[in-house]
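Trainee: my questions are about this predicted structure, shown below with the sequence.
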Protein chains: 2
Amino acid sequence: MNKIITVGREFGSGGREFGRRLSEELHFAYYDQEIIREISKRTSLSEQYIQSIVEHRPSFSFPIHIGQSFYPLSNPAFEQTMAIYQEQARIITEMALKSDCVIVGRCADYILKEYKPFRIFVYADIDSKIKRCREKGPEHENLTDRELKQKISGMDKKRAKYYELYTGHSWGDKLNFDLCINTSRTVIKEIVPAVAKLLV
Amino acid sequence: MNKIITVGREFGSGGREFGRRLSEELHFAYYDQEIIREISKRTSLSEQYIQSIVEHRPSFSFPIHIGQSFYPLSNPAFEQTMAIYQEQARIITEMALKSDCVIVGRCADYILKEYKPFRIFVYADIDSKIKRCREKGPEHENLTDRELKQKISGMDKKRAKYYELYTGHSWGDKLNFDLCINTSRTVIKEIVPAVAKLLV
């Protein structure tokens, strides 16, 4: 069986950088935006539209839960969202079965649970997330600290809702992960070699 | 400054074994039961009595919080508990300042916060905690799975209350740790060398 590493992450915690560096250290395939690109190819929907679907919980006015049998009779938006999620799950599974890999986000820890991936969650305190966003993202430079803080918690709330909708589990609950890494006091590139040693 | 590693742990997760092996791997001093022994020496109270105090939240009928100014006028049990906690904090600080070390439990992550220890939390799912207790502790052999599960959650509840009383923080909240390690699917002695590499 291939080695599969999934990386869940809080917005601004450096989880994407961590996942990328880890895949480089291990010489594993790395999947993140590639998944969106592949869904786009297969569905002929734009990457931007798919991104907006898979990063946000759809706003339905009735309770839904994937895997249960309750479906609305006809709701095109709902059906498209479900189709995209199912396509995403299919693509993630195909990628994971192809070679050793690191997959960032996208409920991959849950989608691939039967293959027992090594599940990492990357998080940080709010001050270091603000600092990281300022350093990495020029798009944040016009926001005040308060606005940036709101943006960060808003993104995390959306990720939490999305994860909870599709998995039925609480997002970021440490019991759903094998290793949780707080990046508040660390330099990501310095910890990656040691974490890689855990995995080989 | 010395390198200080604190290890918080759920009952039955193997946190003590992890801490001991980590100290051996790093050639650091290891403090666990040694702290109780030292308090006993300094206070002339029995180790057993001190253990019962430091592992359990005292049952006061009024709200108390260390560090705030509200104290009952006279309550010998309360005063003795506070004296033991303060002695423990003093001893932990002395030990941490003496040499590089690994300290297991006892709110050391909070007591030593100004020295910025590397804070690890070790946890596991309930099934693997039951399994570990059965393998390690002959004292559990007469308990049914249900009784053992109750014992484990009871111990963790006591630790949580004790930690919350003395620190004002939620026990096991990943934001209070630099690294959280789930031992459910791992062999502790196999992960210790890689974790040690994170720390040197």
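Mentor: Received, thanks.
Trainee: ok, A:Leu26 touching A:Val102?
Mentor: Yes - using C-beta atoms under 8 Å, A:Leu26 is in contact with A:Val102, at 7.3 Å. C-beta coordinates here come from the backbone N, C-alpha and C atoms, glycine included.
Trainee: got a list of contacts for the worst-scoring helix or strand of chain A on mean pLDDT?
Mentor: When each helix and strand of chain A is scored by mean pLDDT, DSSP states H and E, helix A:47-54 comes last, with a mean of 80. Outside of helix A:47-54, the residues within contact range by C-beta atoms under 8 Å, 6 or more residues apart in numbering or on different chains are A:36-37, A:39-40, A:43, A:80-81, A:84-85, A:88, A:106, A:162.
Trainee: please list only the buried members of those.
Mentor: Neighbour counting over the contacts of helix A:47-54 (16 or more other C-beta atoms under 10 Å in any protein chain shown) leaves A:36, A:39-40, A:81, A:84-85, A:88, A:106, A:162 as the buried ones.
Trainee: looking at those residues, which is nearest B:Lys131?
Mentor: A:Arg106 (31.9 Å; C-beta to C-beta).
Trainee: mind checking the SS state of that closest one?
Mentor: coil (DSSP: H, G, I helix; E, B strand; the rest coil).
Trainee: just A:Phe11 next, same as before
Mentor: coil.
Trainee: show me where chain A has strands.
Mentor: A:4-9, A:29-31, A:101-104, A:118-123, A:179-182 (DSSP state E).
Trainee: ok, and what's touching the fourth one?
Mentor: For strand A:118-123, the surrounding residues in contact (C-beta under 8 Å, 6+ apart) are A:3-10, A:13-15, A:18-19, A:109, A:172, A:174, A:176-183, A:195, A:198-199, B:174-175.
Trainee: ok, A:Asn176 - contacts?
Mentor: By C-beta under 8 Å, 6+ apart, A:Asn176 lies in contact with A:109-110, A:119, A:121, A:169-170.
Trainee: can you do 6 Å?
Mentor: Residues near A:Asn176 by C-beta atoms under 6 Å, 6 or more residues apart in numbering or on different chains: A:His169.
Trainee: quick one: pLDDT of it?
Mentor: pLDDT for A:Asn176: 95.
Trainee: check the one 5 residues further on too.
Mentor: In this model, A:Ile181 is scored at 98, pLDDT.
Trainee: okay, and the beta partners of it?
Mentor: A:Val122, B:Leu179 (DSSP bridges).
Trainee: chain B contacts on chain A?
Mentor: Taking C-beta under 6 Å from any C-beta of the partner chain as the measure of proximity, chain A contacts chain B at A:174, A:178, A:180, A:182, A:191, A:194, A:197-198.
Trainee: what's stretch A:34-45 in contact with?
Mentor: A:47, A:50-51, A:87-88, A:91, A:106.
Trainee: just stretch A:22-33 next, same as before
Mentor: Identification of contacts with stretch A:22-33 by C-beta under 6 Å, 6+ apart yields A:20, A:95, A:99-104, A:192-193, A:196.
Trainee: that stretch: end-to-end distance?
Mentor: Start and end residues of stretch A:22-33 are separated by 16 Å (C-alpha to C-alpha, to the nearest Å).
Trainee: separation between A:Lys98 and A:Ser40?
Mentor: In this view, A:Lys98 and A:Ser40 are 19 Å apart by C-beta to C-beta, to the nearest Å.
Trainee: again but with A:Pro117, I slipped
Mentor: In terms of C-beta to C-beta, A:Pro117 sits 24 Å off from A:Ser40.
Trainee: same question, A:Leu179
Mentor: 32 Å.
Trainee: what about the helices in chain A?
Mentor: A:15-26, A:33-43, A:47-54, A:76-98, A:108-111, A:126-136, A:145-167, A:188-198 (DSSP state H).
Trainee: return the distance of the second one from the chain's centre.
Mentor: Read it as helix A:33-43. 15 Å (C-alpha atoms, centre = their mean, to the nearest Å).
Trainee: what's the angle between that helix and helix A:47-54?
Mentor: 110 degrees (axes from the mean of the first three to the mean of the last three C-alpha atoms, to 10 degrees).
Trainee: and the average pLDDT for helix A:33-43 is what?
Mentor: Helix A:33-43 carries an average pLDDT of 84.
Trainee: again, but for the first one
Mentor: Rounded to a whole number, the mean pLDDT of helix A:15-26 is 96.
Trainee: next, the buried residues of that helix.
Mentor: By 16+ other C-beta under 10 Å, the buried positions in helix A:15-26 come out as A:15-23, A:25-26.
Trainee: hang on, the earlier thing: any chance of the strands of chain A in a markdown table, with mean neighbour count too?
Mentor: Converted to a markdown table, the strands of chain A look like this (neighbours: other C-beta atoms under 10 Å in any protein chain shown):
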| stretch | mean neighbour count |
| --- | --- |
| strand A:4-9 | 26 |
| strand A:29-31 | 20 |
| strand A:101-104 | 26 |
| strand A:118-123 | 23 |
| strand A:179-182 | 24 |
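Trainee: okay if I get those strands as CSV plus distance to B:Arg132?
Mentor: Formatted as CSV, the strands of chain A follow (distance: least, C-beta to C-beta, whole Å):
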stretch, distance to B:Arg132
strand A:4-9, 25
strand A:29-31, 34
strand A:101-104, 29
strand A:118-123, 20
strand A:179-182, 18
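Trainee: out of those strands, which comes closest to A:Lys158?
Mentor: Of the strands of chain A, nearest to A:Lys158 by C-beta to C-beta is strand A:4-9, at 13.3 Å.
Trainee: residues contacting A:Val200?
Mentor: Contacts of A:Val200 by C-beta under 6 Å, 6+ apart: none found.
Trainee: that one and B:Lys197: what is the separation?
Mentor: 12 Å.
Trainee: do the same with A:Tyr30
Mentor: Applying C-beta to C-beta, the value for A:Tyr30 to B:Lys197 is 22 Å.
Trainee: before we move on, what about A:Gly172?
Mentor: In this structure, A:Gly172 and B:Lys197 are 26 Å apart, going by C-beta to C-beta.
Trainee: returning to that earlier point: any idea which of the helices of chain A is most buried?
Mentor: When the helices of chain A are scored by mean count of other C-beta atoms under 10 Å in any protein chain shown, the highest mean neighbour count falls to helix A:108-111 (a mean of 24).
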